[in-house]
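1. take a look and give me a structure for this.
(chains A and B)
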Number of protein chains: 2
Amino acid sequence: MINVAILGFGTVGSGVAEVIYNNKALIADYMGEEVALKYVLDVHDFPDSIFADRVIHDFSIIEQDPEVDVVVETIGGARIALEFTRRALMAGKSVVTSNKELVATHGVELMKIAEEKQVSYLFEASVGGGIPVIRPMCQCLAANRIEEIYGILNGTTNYILTRMIRAGLSFEDALKEAQQKGYAEQDPTADIEGADACRKICILASLAVGRHIAPEYIPTEGITGITLQDVDFAKRAGMKIKLLGRMIRREDDKVCAYVAPHLVAEDAPLANVVDVFNAINVRGNAVGDVMFYGQGAGKMATASAVVADILDAAKRKQSRKRCFWTEGGADAVYSLSEVKSRWYVRASDLAEVPAGCTVLSKETDSTVAFLTEDALSEQELLAKLPQGLAQVHYRVLD
Amino acid sequence: MINVAILGFGTVGSGVAEVIYNNKALIADYMGEEVALKYVLDVHDFPDSIFADRVIHDFSIIEQDPEVDVVVETIGGARIALEFTRRALMAGKSVVTSNKELVATHGVELMKIAEEKQVSYLFEASVGGGIPVIRPMCQCLAANRIEEIYGILNGTTNYILTRMIRAGLSFEDALKEAQQKGYAEQDPTADIEGADACRKICILASLAVGRHIAPEYIPTEGITGITLQDVDFAKRAGMKIKLLGRMIRREDDKVCAYVAPHLVAEDAPLANVVDVFNAINVRGNAVGDVMFYGQGAGKMATASAVVADILDAAKRKQSRKRCFWTEGGADAVYSLSEVKSRWYVRASDLAEVPAGCTVLSKETDSTVAFLTEDALSEQELLAKLPQGLAQVHYRVLD
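-> Residues are numbered from 1 along each chain as shown, chains lettered A, B, ... in the order given. Just a heads-up that it's a prediction; the model follows:
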């Protein structure tokens, strides 16, 4: 019997309880023993829940119960979640989480404690919801040097962009619709400004190189500057605008990671990832490109990944080398200013489009838009333009 | 030190040697010990290879060498490969393979021996080349009931269809081009008639339900009947023709698996999987749909998956429950005749298109083509048509 305690009975936490309950028989068959939910820790009671009899309010009960094997942290944030995760690991319990903020900011410390205590700290659900990506990267691509990762890491912004592209909604209207459908929070800042995607590419980049590529080293631009004009100009170029998280590893193993809108060729697999779906492309030196696709969020999809981690943690009570990461720092990264690409530019009052560019706008358009033909650094691009005239400039993913 | 022996130094076998050699340092770092190639068994010598000093011709040397931990079987076929795999497992060595034919036909026996001997028999590379799909299905989706799988499982036929769709080549010309590029064998039968895809969906279906869904229970139709007319008619319907392997699990856990051309909506992710790429969509009852995409073949991509299995096998010298399968049989399957879908039909001399169909052909076309609006079994479809007039009929993937 494997006993589980869930911390935080919100969307994901209650989904985890449901997956354990609904798929009890197949899980027992897979594990060779039963997996049971022993405690649910929350500030609220849930008198109408079938799990009501397991609700407790005092974390120390879990901490001190030697029968608890795996603790699920679905509280979110990096305050109380951090404290409880520390204490659970210190008490010799494996911890499984979907909390990308905590992993991105305090992962190094928590992995160290887990290693010392010979338990697991697993977080498959922190990137891509239910999409298997962290374990495949660590295990299936273990024989590869991971050289580049890029992907649509945030379902909310992908939904908004899809509605702008397909239905011609403005950014504001698409956001409003996403909120009505429950795909965006009332305060959508973390999604639309790119912070959520930043945490995810932080986790993927850190996994790829084995050192912490902290959010503060990851330049992040969201989608609030994208207009329907940009969507149209992109279409004329045979492309779609997508918000990507990306990491590039240099020969010397330094990494550049960033989040920004990109123009993607419309027949590329990534361009056809729509609505709240996510897709993550990983390039290894042996395998080439592989892509993982699916629902990047959602109660049951995310819970599926959490439960897979519970089973994995329960199977390996003994320590093993974890393909995770150690401290990072400035010496682990290189600057985005060194990354060259073709660019899309929308500008006002531009008397003349610079040489070596493909014009996308027509005489009748109120602004000028063009693509550069050569790959340039951002500085090289801006040097070509009269100061202050570029309203937006986005990279092309080639 | 982990010692590896490779049986069969062809494309994949030599790729495995190269990955072990080229990525030696990162593999040692991941494993905490070195992985070394001790023997290469082949009928030929390879005097110009950097691995020439490891080439041997007598399998019993490997069989009797207690230092060999993992044997890589990249011989292919189900004769000598079967014998050597049996003997290696009996000798207490884990075996890793890319040999889909052997796994699809003799997997049950070999997994049993592996279990008895407390070693591993792993075959990630047998489906989707370098794409991680078997391990993610077994581990990351362990908390799910797998309800449906469909995918583009054969790169050769996908290349041919892509060239028919994009360049307007006839089937014959596209096949010739694929052969010139090395994407198709001189005898392309196993690819174009669907046998290769059949073995792969056999493996995926067996994994999903834990019982052997043998090739003889998998109705298989290839792409030789597809014409440029079909490609055009599909386009008029906003679809593309793709060869899919598919398995559907019923409530009672019986499975229907088959291989056949399908019409796929052109904005579906699968429709944009082109050239030699593969993509496999797996539906779990918790996670929903997830898709795995990448190069389905190729020396280094396939070798990447083999080496990942080597590392996995070496890590777990102790037995663990393997999420593989036991004997199957007629009671594990149900008939394709029960599976309903919309249909595409191309017919000659048809005086009248049946009611409830969308006509795709024009007056000027030499044949008639239409889509049924309702989902029908094959028998229900054929009952609507004058006998013998349907030249081809393909399912629509909805």
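2. from here on, contacts and neighbour counts on C-alpha atoms
-> Fine.
3. which bits of the stretch 51-200 of chain A sit near chain B?
-> Applying CA under 8 Å from any CA of the partner chain, we find that the stretch 51-200 of chain A lies next to chain B at A:130-132, A:135-136, A:139-145.
4. just the strands in the stretch 251-398 of chain A please.
-> A:255-265, A:277-284, A:288-295, A:343-347, A:357-359, A:368-372, A:390-397 (DSSP state E, counting those that start in this stretch).
5. out of those strands, nearest to chain B?
-> strand A:288-295 (4.3 Å; CA to the nearest CA).
6. next, the angle strand B:288-295 makes with the closest one.
-> 170 degrees (axes from the mean of the first three to the mean of the last three CA atoms, to 10 degrees).
7. just the angle between strand A:288-295 and strand A:277-284, please?
-> Going by the same axes, to 10 degrees, strand A:288-295 makes 160 degrees with strand A:277-284.
8. helices or strands next to strand A:288-295 in the packing?
-> strand A:277-284, strand B:288-295 (3 or more CA pairs under 8 Å, 6 or more residues apart in numbering or on different chains; DSSP states H and E).
9. what residues does it touch?
-> The contact list for strand A:288-295, computed with CA atoms under 8 Å, 6 or more residues apart in numbering or on different chains, reads A:128-133, A:155, A:276-283, A:301, B:130-131, B:287-295, B:301.
10. out of the strands of the stretch 251-398 of chain A, which gets nearest to B:Val392?
-> strand A:288-295 (32.5 Å; CA to CA).
11. quick one: strands adjacent to that closest one?
-> Under the criterion DSSP bridges, strand A:288-295 sits next to strand A:277-284 (antiparallel), strand B:288-295 (antiparallel) in its sheet.
12. redo those strands as a markdown table? Include mean pLDDT, distance to B:Lys117 and mean neighbour count.
-> As requested, these are exported to a markdown table (pLDDT from 0 to 100; distance: least, CA to CA, whole Å; neighbours: other CA atoms under 10 Å in any protein chain shown):
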| stretch | mean pLDDT | distance to B:Lys117 | mean neighbour count |
| --- | --- | --- | --- |
| strand A:277-284 | 97 | 34 | 25 |
| strand B:288-295 | 95 | 32 | 24 |
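13. can I get those strands in a markdown table with distance to B:Ile248?
-> Formatted as a markdown table, the strands paired with strand A:288-295 follow (distance: least, CA to CA, whole Å):
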| stretch | distance to B:Ile248 |
| --- | --- |
| strand A:277-284 | 23 |
| strand B:288-295 | 14 |
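14. select, out of the ones you listed, the one closest to B:Lys200.
-> strand B:288-295 (14.3 Å).
15. can I have that closest one written out in CSV, keeping just the CAs?
-> Output of strand B:288-295 as CSV, limited to C-alpha atoms (Å, rounded to 0.1, in the frame of the first residue of the first chain):
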residue,chain,number,x,y,z
GLY,B,288,-6.9,13.4,-23.2
ASP,B,289,-4.9,13.5,-26.4
VAL,B,290,-1.1,13.6,-26.4
MET,B,291,1.0,13.4,-29.6
PHE,B,292,4.6,12.3,-30.1
TYR,B,293,6.3,13.6,-33.3
GLY,B,294,9.7,13.2,-34.9
GLN,B,295,11.8,11.3,-37.4
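16. mind checking how far it is from the chain centre?
-> 13 Å (CA atoms, centre = their mean, to the nearest Å).
17. can you pull the pLDDT of A:Glu363?
-> We have a pLDDT of 87 for A:Glu363.
18. should've said A:Gln387
-> 78.
19. how much space separates it from A:Leu350?
-> Per CA to CA, to the nearest Å, A:Gln387 is found 10 Å from A:Leu350.
20. ok, these two, which is more surrounded?
-> A:Leu350 (15 against 8; other CA atoms under 10 Å in any protein chain shown).
21. which residues does that one contact?
-> With CA under 8 Å, 6+ apart, A:Leu350 has these contacts: A:368, A:386, A:389.
22. for it, phi and psi?
-> Note on A:Leu350: its backbone torsions stand at phi -90, psi 110 [degrees, to the nearest 10].
23. do you know how far it is from A:Leu263?
-> A:Leu350 is 22 Å from A:Leu263, where distance means CA to CA.
24. same check on A:Cys202?
-> 22 Å.
25. looking at these two, which is more packed in?
-> Using other CA under 10 Å as the criterion, A:Cys202 and A:Leu263 rank with A:Cys202 on top: 31 against 26.
26. name the SS class of that one, please.
-> helix (DSSP: H, G, I helix; E, B strand; the rest coil).
27. do I have it right that it meets A:Ala257?
-> Yes. With contact defined as CA atoms under 8 Å, A:Cys202 reaches A:Ala257; the gap is 7.4 Å.
28. anything in contact with each of these two?
-> In contact with both A:Cys202 and A:Ala257: A:213, A:218, using CA under 8 Å, 6+ apart.
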